[in-house]
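1. here is a sequence with its predicted model. Questions after.
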Amino acid sequence: MGPTMLALALAVLAWVLVVGDLVRRHRPAWHWYAVGYVVTASRVVLTWRKVAMLNDLAISRRPPRGLLGDLMVRGEPLRPVAPRISFPRATRMGLTVTVQLHAGQTPATYMKAADAFVHAWKVHAVRVTSPERGLVLLTAMASDPLERPGLATAPTELLSALIGALETGGAWVMNLRVVPHWLIVGATRSGKSTLLARLITQLAPQPVALVGIDCKGGMELGLFAGRLSALAACRREAVAVLSALVIDMQDRMSVCRTAGVRSIWELPDKLRPVPVVVIVDEIAELYLSDGTRESKAEAEQCSTLLLRLAQLGAALGVHLVVAGQRVGSDLGPGVTALRAQLGGRICHRVNDPGTAEMALGDLNKDAVAVAQAITAEERGVAVCTGPDGGWSRARSHLTPTEEAVSSARKYAAITPELPALGRALAALEGEGK
(Lines give C-alpha, C1' and ligand atoms only; values in the text may rest on other atoms or scores of the structure.)
Protein backbone atom coordinates (compact mmCIF):
# COMPACT_ATOMS: atom_id res chain seq x y z
CA MET A 1 0.00 0.00 0.00
CA GLY A 2 1.46 3.33 -1.06
CA PRO A 3 1.74 6.43 1.13
CA THR A 4 -1.27 8.01 -0.56
CA MET A 5 -3.51 5.00 0.07
CA LEU A 6 -2.29 4.71 3.66
CA ALA A 7 -3.02 8.37 4.30
CA LEU A 8 -6.47 7.98 2.74
CA ALA A 9 -7.20 4.90 4.87
CA LEU A 10 -6.13 6.73 8.02
CA ALA A 11 -8.26 9.73 7.08
CA VAL A 12 -11.31 7.50 6.52
CA LEU A 13 -10.68 5.73 9.82
CA ALA A 14 -10.39 9.05 11.67
CA TRP A 15 -13.58 10.26 10.02
CA VAL A 16 -15.42 7.09 11.02
CA LEU A 17 -14.24 7.43 14.62
CA VAL A 18 -15.28 11.08 14.82
CA VAL A 19 -18.69 10.42 13.28
CA GLY A 20 -19.13 7.37 15.49
CA ASP A 21 -18.40 9.39 18.61
CA LEU A 22 -20.84 12.12 17.56
CA VAL A 23 -23.53 9.53 16.88
CA ARG A 24 -22.86 7.83 20.23
CA ARG A 25 -23.26 11.10 22.14
CA HIS A 26 -26.14 12.68 20.24
CA ARG A 27 -27.97 9.63 18.87
CA PRO A 28 -27.23 6.86 21.37
CA ALA A 29 -30.05 4.66 20.07
CA TRP A 30 -28.62 4.75 16.53
CA HIS A 31 -25.16 3.89 17.83
CA TRP A 32 -26.58 1.04 19.88
CA TYR A 33 -28.38 -0.57 16.95
CA ALA A 34 -25.42 -0.14 14.60
CA VAL A 35 -22.54 -1.13 16.89
CA GLY A 36 -23.43 -1.78 20.51
CA TYR A 37 -26.08 -4.44 19.93
CA VAL A 38 -23.86 -6.47 17.58
CA VAL A 39 -20.97 -6.48 20.07
CA THR A 40 -23.13 -7.22 23.13
CA ALA A 41 -25.16 -9.94 21.41
CA SER A 42 -21.90 -11.62 20.42
CA ARG A 43 -20.73 -11.54 24.04
CA VAL A 44 -24.00 -13.09 25.20
CA VAL A 45 -23.78 -15.96 22.72
CA LEU A 46 -20.07 -16.63 23.25
CA THR A 47 -20.05 -16.42 27.06
CA TRP A 48 -23.41 -18.01 27.87
CA ARG A 49 -22.21 -21.56 28.51
CA LYS A 50 -19.28 -20.47 30.67
CA VAL A 51 -21.37 -18.03 32.72
CA ALA A 52 -24.06 -20.70 33.19
CA MET A 53 -21.49 -23.20 34.45
CA LEU A 54 -19.80 -20.78 36.85
CA ASN A 55 -23.12 -19.72 38.38
CA ASP A 56 -24.67 -23.18 38.81
CA LEU A 57 -27.17 -22.69 36.00
CA ALA A 58 -25.96 -25.74 34.03
CA ILE A 59 -26.75 -29.35 34.92
CA SER A 60 -24.83 -32.58 34.39
CA ARG A 61 -26.75 -35.60 33.23
CA ARG A 62 -26.04 -39.03 34.71
CA PRO A 63 -23.48 -40.94 32.55
CA PRO A 64 -24.86 -43.94 30.64
CA ARG A 65 -24.25 -47.46 32.02
CA GLY A 66 -24.48 -50.80 30.31
CA LEU A 67 -23.64 -54.51 30.71
CA LEU A 68 -20.98 -56.15 28.59
CA GLY A 69 -21.05 -59.83 29.60
CA ASP A 70 -20.41 -59.83 33.34
CA LEU A 71 -18.85 -56.37 33.31
CA MET A 72 -20.56 -53.09 34.09
CA VAL A 73 -19.41 -50.53 31.53
CA ARG A 74 -19.67 -46.82 32.32
CA GLY A 75 -19.66 -44.38 29.44
CA GLU A 76 -17.86 -41.08 29.23
CA PRO A 77 -19.44 -38.49 31.55
CA LEU A 78 -21.42 -35.85 29.70
CA ARG A 79 -20.34 -32.23 29.82
CA PRO A 80 -22.58 -29.86 31.82
CA VAL A 81 -25.59 -28.74 29.79
CA ALA A 82 -26.38 -25.02 29.90
CA PRO A 83 -30.01 -23.90 29.65
CA ARG A 84 -31.21 -23.12 26.15
CA ILE A 85 -31.50 -19.46 25.27
CA SER A 86 -33.09 -17.53 22.45
CA PHE A 87 -31.00 -15.34 20.20
CA PRO A 88 -30.60 -11.89 21.83
CA ARG A 89 -33.33 -9.55 20.69
CA ALA A 90 -32.50 -5.85 20.40
CA THR A 91 -34.44 -3.19 22.27
CA ARG A 92 -34.01 0.57 22.13
CA MET A 93 -31.05 0.67 24.51
CA GLY A 94 -30.44 -2.96 25.38
CA LEU A 95 -31.45 -6.50 24.53
CA THR A 96 -33.54 -9.35 25.88
CA VAL A 97 -32.80 -13.06 26.14
CA THR A 98 -35.36 -15.77 26.90
CA VAL A 99 -34.05 -18.73 28.89
CA GLN A 100 -35.74 -22.12 29.05
CA LEU A 101 -35.30 -23.43 32.58
CA HIS A 102 -34.09 -26.92 33.35
CA ALA A 103 -36.48 -29.10 35.31
CA GLY A 104 -36.39 -28.05 38.96
CA GLN A 105 -34.81 -24.66 38.35
CA THR A 106 -36.40 -21.44 39.62
CA PRO A 107 -35.94 -17.79 38.57
CA ALA A 108 -34.30 -17.08 41.96
CA THR A 109 -31.09 -18.75 40.76
CA TYR A 110 -30.91 -16.39 37.79
CA MET A 111 -31.59 -13.37 39.99
CA LYS A 112 -28.53 -14.25 42.04
CA ALA A 113 -26.49 -14.48 38.83
CA ALA A 114 -27.59 -11.04 37.54
CA ASP A 115 -24.30 -9.37 38.54
CA ALA A 116 -22.35 -12.10 36.75
CA PHE A 117 -24.29 -11.36 33.55
CA VAL A 118 -23.51 -7.66 33.93
CA HIS A 119 -19.75 -8.26 34.10
CA ALA A 120 -19.66 -10.92 31.40
CA TRP A 121 -21.70 -8.91 28.90
CA LYS A 122 -20.28 -5.48 29.91
CA VAL A 123 -23.69 -3.83 30.30
CA HIS A 124 -25.13 -1.43 32.86
CA ALA A 125 -27.67 -3.78 34.45
CA VAL A 126 -29.58 -7.00 33.90
CA ARG A 127 -33.15 -7.42 35.16
CA VAL A 128 -34.59 -10.91 35.67
CA THR A 129 -38.31 -11.59 35.28
CA SER A 130 -40.41 -14.68 34.69
CA PRO A 131 -43.15 -14.05 32.10
CA GLU A 132 -44.45 -17.61 32.42
CA ARG A 133 -43.60 -20.88 34.11
CA GLY A 134 -40.47 -22.53 32.85
CA LEU A 135 -39.12 -19.35 31.24
CA VAL A 136 -36.92 -16.50 32.44
CA LEU A 137 -36.53 -13.21 30.60
CA LEU A 138 -33.16 -11.48 30.95
CA THR A 139 -33.31 -7.78 30.07
CA ALA A 140 -29.89 -6.18 29.64
CA MET A 141 -29.45 -2.40 29.50
CA ALA A 142 -26.38 -1.01 27.79
CA SER A 143 -26.39 2.18 29.87
CA ASP A 144 -28.46 3.76 32.60
CA PRO A 145 -31.61 4.96 30.79
CA LEU A 146 -32.54 7.09 33.82
CA GLU A 147 -29.31 9.12 33.79
CA ARG A 148 -30.77 11.51 31.24
CA PRO A 149 -34.44 10.54 30.83
CA GLY A 150 -36.14 12.20 27.91
CA LEU A 151 -39.56 13.80 28.17
CA ALA A 152 -41.75 10.91 27.11
CA THR A 153 -45.23 11.45 25.74
CA ALA A 154 -48.42 9.94 27.04
CA PRO A 155 -52.11 10.27 26.17
CA THR A 156 -53.85 13.03 28.13
CA GLU A 157 -56.68 11.56 30.14
CA LEU A 158 -58.65 12.75 33.13
CA LEU A 159 -56.85 11.87 36.39
CA SER A 160 -53.76 10.80 34.44
CA ALA A 161 -50.36 12.40 35.09
CA LEU A 162 -47.11 12.01 33.15
CA ILE A 163 -44.60 11.67 35.99
CA GLY A 164 -41.35 10.77 34.24
CA ALA A 165 -39.64 7.95 32.36
CA LEU A 166 -39.41 4.22 33.03
CA GLU A 167 -36.17 2.28 32.82
CA THR A 168 -37.57 0.61 29.71
CA GLY A 169 -37.72 4.00 27.98
CA GLY A 170 -41.49 4.27 28.18
CA ALA A 171 -43.56 6.96 29.85
CA TRP A 172 -44.09 6.79 33.61
CA VAL A 173 -47.76 7.58 34.06
CA MET A 174 -49.88 7.70 37.21
CA ASN A 175 -53.42 6.98 36.05
CA LEU A 176 -55.79 7.25 38.99
CA ARG A 177 -58.63 5.79 36.97
CA VAL A 178 -56.64 2.57 36.57
CA VAL A 179 -54.86 2.52 39.96
CA PRO A 180 -56.97 4.72 42.24
CA HIS A 181 -54.73 5.00 45.33
CA TRP A 182 -50.95 5.39 45.73
CA LEU A 183 -48.29 5.12 48.43
CA ILE A 184 -45.08 7.15 47.92
CA VAL A 185 -42.12 6.78 50.27
CA GLY A 186 -38.71 8.39 50.23
CA ALA A 187 -36.09 9.91 52.50
CA THR A 188 -35.22 13.60 52.57
CA ARG A 189 -33.80 14.77 49.21
CA SER A 190 -34.69 11.51 47.51
CA GLY A 191 -37.11 13.14 45.06
CA LYS A 192 -40.42 12.57 46.86
CA SER A 193 -41.35 16.26 47.09
CA THR A 194 -40.35 16.79 43.46
CA LEU A 195 -42.63 13.93 42.46
CA LEU A 196 -45.56 15.47 44.36
CA ALA A 197 -44.85 18.82 42.69
CA ARG A 198 -44.87 17.11 39.30
CA LEU A 199 -48.17 15.39 40.11
CA ILE A 200 -49.83 18.66 41.14
CA THR A 201 -48.49 20.37 38.03
CA GLN A 202 -50.01 17.66 35.85
CA LEU A 203 -53.37 17.61 37.64
CA ALA A 204 -53.73 21.41 37.99
CA PRO A 205 -55.16 21.99 34.45
CA GLN A 206 -57.69 19.16 34.86
CA PRO A 207 -61.26 19.51 36.21
CA VAL A 208 -60.45 17.77 39.50
CA ALA A 209 -60.46 18.94 43.11
CA LEU A 210 -57.12 18.75 44.91
CA VAL A 211 -57.19 18.45 48.70
CA GLY A 212 -53.94 18.77 50.64
CA ILE A 213 -53.13 17.37 54.08
CA ASP A 214 -49.76 18.58 55.31
CA CYS A 215 -49.38 18.36 59.08
CA LYS A 216 -46.01 20.12 58.96
CA GLY A 217 -47.86 23.41 59.11
CA GLY A 218 -48.53 23.32 55.37
CA MET A 219 -44.87 24.04 54.55
CA GLU A 220 -44.89 21.76 51.49
CA LEU A 221 -48.41 21.72 50.08
CA GLY A 222 -49.15 25.27 51.21
CA LEU A 223 -47.13 26.48 48.23
CA PHE A 224 -49.92 25.23 45.98
CA ALA A 225 -52.79 26.56 48.10
CA GLY A 226 -54.21 28.56 45.19
CA ARG A 227 -55.13 25.35 43.35
CA LEU A 228 -56.21 23.38 46.42
CA SER A 229 -59.89 23.13 47.26
CA ALA A 230 -58.90 22.63 50.90
CA LEU A 231 -55.68 22.43 52.92
CA ALA A 232 -55.29 20.89 56.36
CA ALA A 233 -52.12 22.13 58.08
CA CYS A 234 -52.43 20.14 61.32
CA ARG A 235 -53.93 16.87 62.45
CA ARG A 236 -56.98 18.55 63.97
CA GLU A 237 -57.76 20.13 60.61
CA ALA A 238 -57.01 16.79 58.91
CA VAL A 239 -59.71 15.09 60.98
CA ALA A 240 -62.20 17.77 59.96
CA VAL A 241 -61.30 17.53 56.25
CA LEU A 242 -61.33 13.72 56.19
CA SER A 243 -64.66 13.60 58.06
CA ALA A 244 -66.17 16.01 55.53
CA LEU A 245 -64.85 13.88 52.66
CA VAL A 246 -66.44 10.76 54.14
CA ILE A 247 -69.79 12.60 54.39
CA ASP A 248 -69.38 13.83 50.80
CA MET A 249 -68.60 10.26 49.76
CA GLN A 250 -71.86 9.08 51.35
CA ASP A 251 -73.72 11.73 49.35
CA ARG A 252 -72.11 10.38 46.19
CA MET A 253 -73.29 6.89 47.14
CA SER A 254 -76.86 8.21 47.39
CA VAL A 255 -76.61 9.80 43.93
CA CYS A 256 -75.34 6.54 42.43
CA ARG A 257 -78.00 4.49 44.20
CA THR A 258 -80.77 6.79 43.00
CA ALA A 259 -79.47 6.62 39.41
CA GLY A 260 -79.08 2.84 39.60
CA VAL A 261 -75.34 2.83 38.81
CA ARG A 262 -72.30 1.39 40.59
CA SER A 263 -69.88 4.30 40.17
CA ILE A 264 -69.90 7.99 39.38
CA TRP A 265 -68.32 7.24 36.00
CA GLU A 266 -71.59 5.68 34.87
CA LEU A 267 -73.52 8.86 35.70
CA PRO A 268 -74.39 11.47 33.05
CA ASP A 269 -71.97 14.38 32.88
CA LYS A 270 -74.49 16.77 34.48
CA LEU A 271 -74.91 14.55 37.54
CA ARG A 272 -71.33 13.41 37.95
CA PRO A 273 -69.59 15.00 40.94
CA VAL A 274 -66.11 16.38 40.52
CA PRO A 275 -63.30 13.86 41.15
CA VAL A 276 -61.25 14.50 44.29
CA VAL A 277 -57.54 13.74 44.76
CA VAL A 278 -56.42 13.81 48.39
CA ILE A 279 -52.66 14.35 48.73
CA VAL A 280 -51.24 13.49 52.15
CA ASP A 281 -47.68 14.63 52.83
CA GLU A 282 -45.89 12.86 55.72
CA ILE A 283 -48.40 10.22 56.70
CA ALA A 284 -46.57 9.48 59.98
CA GLU A 285 -47.75 12.83 61.40
CA LEU A 286 -51.33 11.55 61.26
CA TYR A 287 -50.56 8.35 63.18
CA LEU A 288 -48.03 9.43 65.81
CA SER A 289 -49.35 10.21 69.28
CA ASP A 290 -47.84 12.03 72.24
CA GLY A 291 -49.68 9.76 74.67
CA THR A 292 -52.51 12.11 75.62
CA ARG A 293 -56.11 11.01 75.23
CA GLU A 294 -56.88 13.72 72.69
CA SER A 295 -53.83 12.85 70.57
CA LYS A 296 -54.68 9.15 70.56
CA ALA A 297 -58.28 9.90 69.59
CA GLU A 298 -57.19 12.09 66.67
CA ALA A 299 -54.73 9.44 65.44
CA GLU A 300 -57.43 6.75 65.58
CA GLN A 301 -59.87 9.00 63.75
CA CYS A 302 -57.38 9.71 60.98
CA SER A 303 -56.63 6.01 60.64
CA THR A 304 -60.31 5.08 60.38
CA LEU A 305 -61.24 7.89 58.00
CA LEU A 306 -58.33 7.25 55.62
CA LEU A 307 -59.15 3.56 55.53
CA ARG A 308 -62.80 4.31 54.66
CA LEU A 309 -61.76 6.63 51.85
CA ALA A 310 -59.36 4.02 50.48
CA GLN A 311 -61.89 1.19 50.66
CA LEU A 312 -64.83 3.02 49.07
CA GLY A 313 -63.37 5.95 47.18
CA ALA A 314 -62.35 4.39 43.86
CA ALA A 315 -65.90 4.02 42.52
CA LEU A 316 -66.93 7.40 43.93
CA GLY A 317 -64.14 9.48 42.41
CA VAL A 318 -62.17 9.99 45.64
CA HIS A 319 -58.48 9.10 45.29
CA LEU A 320 -55.63 8.98 47.81
CA VAL A 321 -51.97 9.80 47.22
CA VAL A 322 -50.19 9.14 50.52
CA ALA A 323 -46.53 10.11 50.95
CA GLY A 324 -44.05 9.80 53.78
CA GLN A 325 -40.38 9.57 54.70
CA ARG A 326 -40.97 6.59 56.95
CA VAL A 327 -43.88 4.18 56.82
CA GLY A 328 -43.65 1.19 59.13
CA SER A 329 -45.82 -1.19 61.09
CA ASP A 330 -44.63 0.56 64.28
CA LEU A 331 -47.07 3.36 63.42
CA GLY A 332 -49.90 0.99 64.22
CA PRO A 333 -52.10 -1.64 62.57
CA GLY A 334 -54.01 1.10 60.77
CA VAL A 335 -51.01 1.83 58.53
CA THR A 336 -50.75 -1.82 57.48
CA ALA A 337 -54.49 -1.94 56.74
CA LEU A 338 -54.25 1.28 54.71
CA ARG A 339 -51.21 -0.01 52.82
CA ALA A 340 -53.25 -2.99 51.62
CA GLN A 341 -55.72 -0.59 49.94
CA LEU A 342 -53.06 1.50 48.19
CA GLY A 343 -52.44 -0.51 45.02
CA GLY A 344 -49.89 1.88 43.50
CA ARG A 345 -46.47 1.96 45.15
CA ILE A 346 -43.47 4.23 44.61
CA CYS A 347 -40.31 3.76 46.67
CA HIS A 348 -37.43 6.23 46.44
CA ARG A 349 -34.23 5.92 48.44
CA VAL A 350 -35.17 5.23 52.06
CA ASN A 351 -33.21 5.32 55.32
CA ASP A 352 -34.52 2.09 56.79
CA PRO A 353 -35.27 -1.34 55.31
CA GLY A 354 -38.66 -1.44 57.03
CA THR A 355 -40.03 1.39 54.88
CA ALA A 356 -38.95 -0.30 51.64
CA GLU A 357 -40.44 -3.56 52.92
CA MET A 358 -43.70 -1.82 53.80
CA ALA A 359 -43.90 -0.19 50.36
CA LEU A 360 -42.95 -3.14 48.16
CA GLY A 361 -42.50 -6.26 50.29
CA ASP A 362 -46.04 -7.55 49.92
CA LEU A 363 -45.75 -7.26 46.13
CA ASN A 364 -42.24 -8.37 45.16
CA LYS A 365 -39.17 -9.08 47.30
CA ASP A 366 -36.82 -8.39 44.37
CA ALA A 367 -38.26 -4.90 44.02
CA VAL A 368 -37.34 -4.26 47.67
CA ALA A 369 -33.70 -5.16 47.00
CA VAL A 370 -33.55 -2.90 43.93
CA ALA A 371 -35.11 -0.01 45.87
CA GLN A 372 -32.58 -0.38 48.67
CA ALA A 373 -29.76 -0.16 46.12
CA ILE A 374 -30.78 3.38 45.06
CA THR A 375 -27.98 5.79 46.00
CA ALA A 376 -28.14 9.35 47.33
CA GLU A 377 -26.85 10.63 43.97
CA GLU A 378 -29.84 9.14 42.13
CA ARG A 379 -32.36 11.81 43.09
CA GLY A 380 -35.76 11.20 41.57
CA VAL A 381 -35.05 7.53 40.91
CA ALA A 382 -37.61 5.14 42.37
CA VAL A 383 -39.03 1.67 42.05
CA CYS A 384 -42.67 1.86 40.98
CA THR A 385 -45.40 -0.67 40.39
CA GLY A 386 -47.41 -0.89 37.20
CA PRO A 387 -51.08 -1.65 36.53
CA ASP A 388 -50.10 -5.17 35.44
CA GLY A 389 -48.67 -5.97 38.86
CA GLY A 390 -45.04 -5.75 37.70
CA TRP A 391 -42.42 -3.24 38.79
CA SER A 392 -39.76 -1.07 37.20
CA ARG A 393 -37.10 1.48 38.05
CA ALA A 394 -38.17 4.96 37.02
CA ARG A 395 -37.18 8.60 37.34
CA SER A 396 -39.48 11.56 37.74
CA HIS A 397 -39.02 14.63 35.60
CA LEU A 398 -37.35 17.44 37.51
CA THR A 399 -40.07 19.94 38.28
CA PRO A 400 -38.71 23.03 40.06
CA THR A 401 -40.85 24.35 42.90
CA GLU A 402 -41.23 27.66 41.09
CA GLU A 403 -42.72 25.91 38.06
CA ALA A 404 -45.20 23.97 40.20
CA VAL A 405 -46.22 27.11 42.13
CA SER A 406 -46.63 29.02 38.87
CA SER A 407 -48.84 26.25 37.48
CA ALA A 408 -50.97 26.25 40.65
CA ARG A 409 -51.48 30.01 40.36
CA LYS A 410 -52.21 29.82 36.65
CA TYR A 411 -55.07 27.38 37.15
CA ALA A 412 -56.33 28.71 40.50
CA ALA A 413 -59.43 30.09 38.78
CA ILE A 414 -60.68 26.60 37.88
CA THR A 415 -60.34 25.26 41.44
CA PRO A 416 -63.59 23.40 42.22
CA GLU A 417 -65.39 24.38 45.40
CA LEU A 418 -66.15 21.69 47.95
CA PRO A 419 -68.63 23.41 50.30
CA ALA A 420 -68.61 20.59 52.87
CA LEU A 421 -64.86 20.91 53.37
CA GLY A 422 -65.03 24.69 53.57
CA ARG A 423 -67.74 24.52 56.22
CA ALA A 424 -65.76 21.96 58.23
CA LEU A 425 -62.64 24.14 58.32
CA ALA A 426 -64.68 27.27 59.05
CA ALA A 427 -66.37 25.55 61.98
CA LEU A 428 -62.96 24.48 63.29
CA GLU A 429 -61.72 28.07 63.11
CA GLY A 430 -64.85 29.20 64.95
CA GLU A 431 -64.15 26.76 67.76
CA GLY A 432 -60.58 28.03 68.00
CA LYS A 433 -61.79 31.59 68.48
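-> Thanks, I have the structure now. Numbering: from 1, shown residues only.

2. which residues are in contact with the nearest residue to Gly94 once chain neighbours are set aside?
-> Nearest residue to Gly94, sequence neighbours excluded (Cβ to Cβ, 6 or more residues apart in numbering): Met141, at 4.2 Å. Yep, even glycine has a C-beta here, placed from its N, CA and C like the rest. By Cβ atoms under 8 Å, 6 or more residues apart in numbering, Met141 lies in contact with Met93, Gly94, Val123, His124, Ala125, Val126, Arg127, Glu167.

3. from Ser143, how far out is the fourth one?
-> What that stands for is His124. Note on His124: its distance to Ser143, by Cβ to Cβ, to the nearest Å, is 5 Å.

4. low pLDDT regions in the stretch 51-200 of the chain?
-> Residue ranges of the stretch 51-200 of the chain with pLDDT under 70: 61-79, 148-155.

5. hey, where'd the helices end up in it?
-> Listed in chain order, the helices of the stretch 51-200 of the chain (DSSP state H, counting those that start in this stretch) span residues 107-112, 114-121, 192-203.

6. hey, which of those helices is tucked in deepest?
-> Neighbour counts (mean count of other Cβ atoms under 10 Å) averaged over each of the helices of the stretch 51-200 of the chain peak at helix 192-203, with a mean of 25.

7. tilt between whatever helix or strand comes next after that helix and helix 192-203?
-> Of the helices and strands lying after helix 192-203 in sequence (DSSP states H and E), the nearest is strand 209-214. Using axes from the mean of the first three to the mean of the last three Cα atoms, to 10 degrees, the direction of strand 209-214 lies 160 degrees away from that of helix 192-203.

8. domains in this protein, as residue ranges please.
-> Domain ranges of the chain: 16-141, 160-432, per automatic domain parsing.

9. per-residue confidence averaged over stretch 363-376?
-> Average pLDDT, stretch 363-376: 84.

10. in space, not sequence, find me the middle residue of this protein.
-> Cys384 (1.3 Å; Cα atoms, centre = their mean).

11. pick the one among the contacts of Met141 closest to Leu316.
-> Glu167 (34.2 Å; Cβ to Cβ).

12. once you drop chain neighbours, what's closest to the closest one?
-> Arg393 (4.2 Å).

13. so what are the sheet partners of the strand or helix carrying that neighbour and their directions?
-> Using DSSP H and E, Arg393 sits in strand 391-396. Paired with strand 391-396 in the same sheet, following DSSP bridges, are strand 160-166 (antiparallel), strand 381-385 (antiparallel).

14. if you compare those strands, which one is most tucked away?
-> Taking mean count of other Cβ under 10 Å, strand 381-385 is the most buried of the strands paired with strand 391-396, at a mean of 26.

15. hmm, who's touching it?
-> If you take Cβ under 8 Å, 6+ apart as the criterion, strand 381-385 is touched by 146, 166, 172, 179, 186, 190-191, 195, 343-349, 360, 363, 367, 370-371, 374, 391-396.

16. apply 7 Å and report the result again.
-> For strand 381-385, contacts defined as Cβ atoms under 7 Å, 6 or more residues apart in numbering pick out 146, 172, 191, 344-348, 360, 363, 367, 370-371, 374, 391-395.

17. one more: stretch 240-258?
-> Contacts of stretch 240-258 (Cβ under 7 Å, 6+ apart): 211, 213, 230, 232, 262-264, 267, 271, 273, 276, 278, 302, 305-306, 308-309, 312-313, 316-318, 418, 420-421, 424-425, 428.

18. so for it, what gets flagged as buried?
-> Ala240, Val241, Leu242, Ser243, Ala244, Leu245, Val246, Asp248, Met249, Arg252, Cys256 (16 or more other Cβ atoms under 10 Å).

19. now swap in stretch 87-97 and tell me
-> Pro88, Thr91, Met93, Gly94, Leu95, Val97.

20. stretch 212-225 now?
-> Residues of stretch 212-225 classed as buried: Gly212, Ile213, Asp214, Cys215, Gly218, Glu220, Leu221, Leu223, Phe224, Ala225 (neighbour count, 16+ other Cβ under 10 Å).

21. quick one, what contacts the fourth one?
-> Contacts were defined as Cβ under 7 Å, 6+ apart; by that measure Cys215 touches Cys234, Arg235, Ala238, Glu282, Glu285, Leu286.

22. what do you get for Met111?
-> Val128, Asp366.

23. quick check: it vs Val239, distance?
-> With Cβ to Cβ as the criterion, Met111 and Val239 are 45 Å apart.

24. equivalent analysis for Ala314, please.
-> 22 Å.

25. okay, those two: which has more neighbours?
-> When Ala314 and Val239 are compared for neighbours, Val239 comes out ahead with 22 against 19, by other Cβ atoms under 10 Å.
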